[in-house]
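> just a sequence and a predicted model for now, questions to come.
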Amino acid sequence: MPGRILVVDDIPANVRLLEAKLSSEYFDVITASSGLQALEIARAEAPDIVLLDVMMPGMDGFEVCRLLKADPQTTHIPVVMVTALSDVSDRVRGLEAGADDFLTKPVRDVALFARVRSLIRLKMVMDEWRVRQQTSSELGIVPPTSTPEHESYHHARILICEASAIETANLQEVLARDGHELQVAATIPESQKLAAGSEFDLVIVDLALGDDEALRLCSHLRAQEKTRQTPILLIAEEDQTAKLAKSLDLGVNDYLMQPVDRNELLARVRTQIRRRRFQDRLRASYMQSLSMALTDQLTGLYNRNYLMTHLSGLMQRTIASGKALALAMIDVDTFKQVNDTHGHAAGDEVLAELAQRMTHFTRNFDTVARFGGEEFVVVMPDITPELAMLVAERLRLRVADTPMKLKSGLSLPIKISIGVAVSRHQGDRAEDLLSRADQALYAAKRQGRNRVVLANDDAGAVTPAADIVGLKERAEKLDARAEPI
């Protein structure tokens, strides 16, 4: 998962060390030596995350963090403070300034990499929701939304997964200050049952809840549709760094170290609740916009009008940030025969079922739209050409291998052809990308249908999926797991 990281420190040796570590993990690293320079670079370069030293002359890290979070242009960039300060009050001060985490020097590589990956994943999801909301606003449908800092953190519903009665009582005492409604589970089965039966704004899990059972619980929560977006706050011991790193990779949002400081607990809980409510408001605003002519009535996917507005804005942002964006144009092979033989009602069922498969077997931050008739488009941000082909080949296999079951009981074998194009340079437009994908699609049709083809250039050169060694085998393995990439 590529990402651009801004490292801010006034000591060159510290900058070089972090730059070397992060570059070894294939992150794109940019640097700043002062708070003022960091603010300028953050606005100009739009990094995915900021690693910010606290003790700097002139403007310290706390002030830089506050200014980053106060600026609408940079408020959504995660900030991790990196410092030699180890006092709990300093961590709380950083969290209250808007920092997402606070790492103490010397920074452990495992904790650093896991936290960076976790926050970049979070930013990608939040960025996609904000882009969709912005698209709707530009269409005059939904008013602009505020920032997480404006959300209330009071009266949330919190599930505490803790076996110790003493620790539970301490957590309850602290969290009662904000008027939260608390439910407690002392075992994994009880935790799963409560999470499945109610809506929670936050789940707090003690890593000591069984040997590896706490991590299994976190994995279970992330796998379930109802709890997939619910923030998880983990409580861990100092010697559990490896498990903490694993938990972040599993999707845990934040963590606290024992012994739990009450002020730090409140600060981290408030951050997660605000972020959850902000994301819920983005989602609610977005869903409201969908009911106002932005979706295709038959399939429930975005329509062409929304796609063109969304794609243009997304291309400007991704190309400006130096990242790639891919587009897949999909057409149902011999669809006219379906309508002629079985009727238009059967054809409509096929299109609706195909839309469901495309939504399920693409990534959760990809955009799927009905372009018109039996043509569909999948927009895939921040992706390599090879991974875009893998997503497309996997979808082709899922459609070809599983016939469409109609309400009448009829089972229809359906196949699709896919053309894939990837944005290349600053001057690329949405129309250019669509045109190249369309050329690749028709190349797939000419080559016999039921295949994926990659557009290589404007002259019409293409690469069939069959020419990419091992692509089908990799797609079949992903298909066997039956989960989005």
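Alright, I've got the coordinates.
> show me where the stretch 201-350 of the chain has helices.
213-223, 241-250, 262-290, 304-320, 335-342, 344-360 (DSSP state H, counting those that start in this stretch).
> how about the stretch 1-150 of the chain?
Under DSSP H, counting those that start in this stretch, the stretch 1-150 of the chain gives helices at 12-24, 35-45, 61-70, 88-96, 109-138.
> between the fourth one and helix 61-70, how many degrees?
Calculated by axes from the mean of the first three to the mean of the last three Cα atoms, to 10 degrees, helix 88-96 forms an angle of 20 degrees with helix 61-70.
> need the residues that contact helix 88-96.
54, 61-62, 65, 81, 83, 102, 261, 263-264, 267-268, 271 (Cβ atoms under 8 Å, 6 or more residues apart in numbering). From N, CA and C alone the C-beta is placed, and that goes for glycine too.
> what about that helix, average pLDDT?
Across helix 88-96, the average pLDDT comes to 85.
> in it, what counts as buried?
Val88, Asp90, Arg91, Val92, Arg93, Gly94, Leu95, Glu96 (16 or more other Cβ atoms under 10 Å).
> quick one: residues contacting the one residue sitting closest to the centre of the chain.
The residue lying closest to the centre of the chain (Cα atoms, centre = their mean) is Val125, at 2.9 Å. Val125 makes contact with Asn364, Phe365 under the criterion Cβ under 8 Å, 6+ apart.
> from the chain's centroid, how far away is stretch 210-229?
The chain centre lies 17 Å from the centre of stretch 210-229; the measure is Cα atoms, centre = their mean, to the nearest Å.
> go on, stretch 360-367?
For stretch 360-367 - counting by Cα atoms, centre = their mean - the centre lies 10 Å from the chain centre.
> and stretch 314-332, by the same measure?
On Cα atoms, centre = their mean, the centre of stretch 314-332 falls 16 Å from the chain's centre.
> please apply the same query to stretch 192-203.
22 Å.
> quick revisit: let me have the contacts of helix 88-96 in CSV, extended by neighbour count.
As requested, those are exported to CSV (neighbours: other Cβ atoms under 10 Å):
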residue, neighbour count
Val54, 24
Gly61, 27
Phe62, 20
Cys65, 26
Met81, 27
Thr83, 22
Phe102, 23
Asp261, 18
Asn263, 15
Glu264, 19
Ala267, 20
Arg268, 26
Thr271, 23
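> sorry, back to before: need the helices of the stretch 201-350 of the chain in TSV with distance to Ala114 and mean pLDDT, can you?
As requested, the helices of the stretch 201-350 of the chain are exported to TSV (distance: least, Cβ to Cβ, whole Å; pLDDT from 0 to 100):
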stretch	distance to Ala114	mean pLDDT
helix 213-223	13	93
helix 241-250	4	88
helix 262-290	17	85
helix 304-320	25	86
helix 335-342	46	93
helix 344-360	28	94
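> can you redo these as CSV with distance to Asp206?
Listed next are the helices of the stretch 201-350 of the chain as CSV, based on distance: least, Cβ to Cβ, whole Å:
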stretch, distance to Asp206
helix 213-223, 7
helix 241-250, 12
helix 262-290, 13
helix 304-320, 40
helix 335-342, 54
helix 344-360, 34
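> of all the ones you listed, which one is nearest Gly448?
helix 335-342 (16.2 Å; Cβ to Cβ).
> give the other helices and strands that that closest one contacts.
helix 344-360 (3 or more Cβ pairs under 8 Å, 6 or more residues apart in numbering; DSSP states H and E).
> the helix it packs on versus helix 335-342: what angle between them?
Going by the same axes, to 10 degrees, helix 344-360 makes 140 degrees with helix 335-342.
> what's downstream of the strand or helix carrying Gly419, the next helix or strand?
If you go by DSSP states H and E, Gly419 is part of strand 416-422. Per DSSP H and E, the first helix or strand lying C-terminal to strand 416-422 is helix 430-446.
> got the buried residues for that next one?
For helix 430-446, by 16+ other Cβ under 10 Å, it's 430, 432-434, 436-445.
> in TSV: those residues, plus pLDDT and distance to Ile188.
As requested, the buried residues of helix 430-446 are exported to TSV (pLDDT from 0 to 100; distance: Cβ to Cβ, whole Å):
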residue	pLDDT	distance to Ile188
Ala430	89	48
Asp432	90	52
Leu433	93	47
Leu434	94	49
Arg436	94	50
Ala437	95	46
Asp438	95	51
Gln439	94	53
Ala440	95	48
Leu441	96	48
Tyr442	94	53
Ala443	93	52
Ala444	94	48
Lys445	94	52
